[in-house]
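1. Here's a sequence, model it:
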Amino acid sequence: MKQKFYLISLLFFACSKEHPTKDILNISISEAKQIDLSNAGLSSLWNFTSSKLDDKSFLVLNTFTRSIDTIFVNPNGGHSISGSNIPTEGPNGVESINYFTRNKGDFLFIDHHTVYTKKDGLVNKIKLNNIKPDFFEGMVAICNVNLQNKNFDLLDTKNNFLYFFLKDLTSRKIQPVMLNLSENKLQLLNIQIPKILHDHVLFFNENNYNIENPYTPNILLDEDRLLISYPFSNQLQVYSLKEQQTKNISPKSDFFKSEKEKPNQNFTNTTFIEYTKRSGDWQDDILFGPLMKLEKNIFFRFVRDNIIEGQGQIYLEVFNDNLTKLEEINISLLNPNITMYYIPIGNSIFVKSKNQTNEDLLEYYLLNLN
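-> Have a look, this model is predicted:
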């Protein structure tokens with residue numbers, strides 16, 4: 001079938017006083033393509049936990065077969081290959097998996113309380129509550145991260161450091177940490193969590209059952225820095241791992257607001273039904289997706305405007321290496337079927353389609369930036 005492309009020329013102004021530049025960026029969105037998932041037993045209805053592989057493929061967690069499968073993205077479609085089963089018991093057993101990432105030819109697995117990594121050919125289980133610093137009052141748990149594409153590529157393989165946020169289950173506070181996998185030690189990172197985060201936490205407890213809204217930060221490891229963003233705000237934080245200093249950036253927009261509406265956090269004498277309504281209204285408000293990186297030091301994220309009558313416009317923000325915003329565009333106008341599930345592949349963006357009519361065939365688009 002003949003490929004259709006929707007082309008847009010975007011004028012980029014790099015806002016640098018020292019070196020102002022001007023470039024033309026061409027964005028093209030392919031027609032709908034399909035990936036055959038039947039070989040791996042995956043379902044197109046799932047939003048997979050993912051890990052970047054190369055410019056033609058990415059890895060996903062198959063929770064049904066308990067394997068790490070590979071999805072290949074080709075010019076005219078794609079296919080999937082099933083990986084080996086991950087055992088739950090024995091010397092290489094991994095009890096539960098929330099996230100995974102590649103680790104020197106193998107995989108590192110993460111659940112809420114344990115990091116599983118290979119050591120001397122066997123799985124080494126690092127139980128975080130056994131090594132947590134005294135800073136934490138009670139038990140800790142690893143925060144969910146990058147919920148739009150469930151990516152956890154936060155391992156510095158050169159130094160064997162893993163970065164993430166820990167939540168104190170007693171104080172409910174979250175704290176960025178570094179796990180030294182060679183020494184099994186946790187270290188607190190000197191990153192100041194913005195005060196507005198606490199304004200967006202909706203916590204509900206009923207009969208010892210705790211539930212929270214998905215407010216936790218997004219993280220991107222970019223060489224010697226961590227790039228942190230938040231689903232409720234336009235704010236970006238750049239943390240230098242060398243200098244241990246944080247720079248705060250709040251990129252403005254001509255199209256959408258900079259923050260979700262702050263919710264009513266008082267749940268005294270409130271029912272679970274009322275909680276779900278407030279949480280749902282909060283989630284339907286504007287949503288800032290995780291920051292991701294393309295080739296040539298181009299960064300991007302999707303932003304979904306507030307949902308009205310079941311629909312929310314999706315915007316693409318593009319940044320340079322200094323996280324100066326270069327451009328923003330309403331990509332829902334180019335194709336209304338795109339979603340907030342996106343993965344960088346080379347200099348293209350894999351975007352899942354809303355139209356998933358066959359579980360064995362994953363429909364998607366490629367957003368190309370040239």
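2. what about the helices in the stretch 101-250 of the chain?
-> Ranges of helices in the stretch 101-250 of the chain, per DSSP state H, counting those that start in this stretch, are 128-131.
3. Run through the strands of it in chain order.
-> For the stretch 101-250 of the chain, the strands defined by DSSP state E, counting those that start in this stretch occupy 106-110, 114-119, 122-127, 140-142, 155-156, 161-168, 174-180, 185-188, 203-206, 209-212, 218-222, 225-230, 233-240, 245-249.
4. so which of these comes closest to residue 308?
-> Checking the strands of the stretch 101-250 of the chain against residue 308 by C-beta to C-beta gives strand 233-240 as the closest, at 19.9 Å. All C-beta atoms are positioned from the backbone trio N, CA, C, and that covers glycine.
5. closest to residue 336 out of the strands of the stretch 101-250 of the chain?
-> Of all those, strand 233-240 comes closest under C-beta to C-beta, at 23.5 Å.
6. The closest one relative to strand 245-249, how many degrees between them?
-> Angle, strand 233-240 to strand 245-249, by axes from the mean of the first three to the mean of the last three C-alpha atoms, to 10 degrees: 150 degrees.
7. buried stuff in strand 233-240?
-> For strand 233-240, a neighbour-count test (16 or more other C-beta atoms under 10 Å) marks 233-239 as buried.
8. CA atoms of that strand as CSV?
-> Listed in CSV are the C-alpha atoms of strand 233-240, where the atom choice follows Å, rounded to 0.1, in the frame of the first residue of the first chain:
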residue,chain,number,x,y,z
SER,A,233,3.2,20.2,35.8
ASN,A,234,5.3,21.6,33.0
GLN,A,235,8.3,21.8,35.4
LEU,A,236,11.6,20.1,34.4
GLN,A,237,14.5,19.4,36.7
VAL,A,238,18.1,18.8,35.5
TYR,A,239,20.3,17.1,38.1
SER,A,240,24.0,17.0,37.5
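9. And it, what does it pack against?
-> Here strand 233-240 touches strand 225-230, strand 245-249, going by 3 or more C-beta pairs under 8 Å, 6 or more residues apart in numbering; DSSP states H and E.
10. circling back to that earlier point, now, among the buried residues of strand 233-240, which is nearest to residue 182?
-> Nearest to residue 182, judged by C-beta to C-beta, of these is residue 239 at 21.6 Å.
11. end-to-end on stretch 150-169?
-> Using C-alpha to C-alpha, to the nearest Å, one end of stretch 150-169 lies 22 Å from the other.
12. tell me which residues of that stretch are tucked away?
-> 150-155, 161-169.
13. Nearest residue to residue 206 in space, please, no chain neighbours.
-> The shortest distance from residue 206 to any residue other than its chain neighbours is 5.8 Å, reached at residue 272 (C-beta to C-beta, 6 or more residues apart in numbering).
14. was I right about the one you found contacting residue 205?
-> No: with contact defined as C-beta atoms under 8 Å, residue 272 does not reach residue 205; the gap is 10.2 Å.
15. any idea whether the nearest residue to residue 303 once chain neighbours are set aside is helix, strand or coil?
-> Excluding its sequence neighbours, the residue lying closest to residue 303 (C-beta to C-beta, 6+ apart) is residue 315, at 4.6 Å. With DSSP: H, G, I helix; E, B strand; the rest coil as the basis, residue 315 sits in strand.
16. Mind picking out the helix or strand in this structure with the poorest mean pLDDT?
-> strand 6-14 (a mean of 39; mean pLDDT, DSSP states H and E).
17. C-alpha coordinates for stretch 263-271, PDB please?
-> Provided in PDB are the C-alpha atoms of stretch 263-271 (Å, rounded to 0.1, in the frame of the first residue of the first chain):
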ATOM      1  CA  PRO A 263      -7.500  18.900  43.900                       C
ATOM      2  CA  ASN A 264      -9.400  18.900  47.100                       C
ATOM      3  CA  GLN A 265      -7.200  16.700  49.400                       C
ATOM      4  CA  ASN A 266      -9.700  16.500  52.300                       C
ATOM      5  CA  PHE A 267     -11.200  13.000  52.500                       C
ATOM      6  CA  THR A 268     -12.600  13.200  56.000                       C
ATOM      7  CA  ASN A 269     -16.000  11.300  56.000                       C
ATOM      8  CA  THR A 270     -15.500  10.700  52.300                       C
ATOM      9  CA  THR A 271     -16.500   7.500  50.500                       C
END
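18. hmm, who's touching it?
-> Stretch 263-271 has contacts (C-beta atoms under 8 Å, 6 or more residues apart in numbering) with 199-204, 274-275, 278-279, 281-282.
19. Quick check, central residue of this structure?
-> The centre of the chain sits closest to residue 146, judged by C-alpha atoms, centre = their mean, with a distance of 2.2 Å.
20. Would you enumerate the residues in contact with that residue?
-> Contacts of residue 146 (C-beta under 8 Å, 6+ apart): 152, 218-219, 290.
21. any idea how far it is from residue 154?
-> With distances taken as C-beta to C-beta, to the nearest Å, residue 146 is found 9 Å from residue 154.
22. which residues do those two both contact?
-> Joint contacts of residue 146 and residue 154 (C-beta under 8 Å, 6+ apart) are residue 219.
23. Looking at the buried residues of strand 233-240, which is nearest residue 256?
-> For the buried residues of strand 233-240, the nearest to residue 256 is residue 234 (8.4 Å; C-beta to C-beta).
24. isn't the closest one right up against residue 260?
-> No: counting by C-beta under 8 Å, residue 234 stays clear of residue 260, with 10.3 Å between them.
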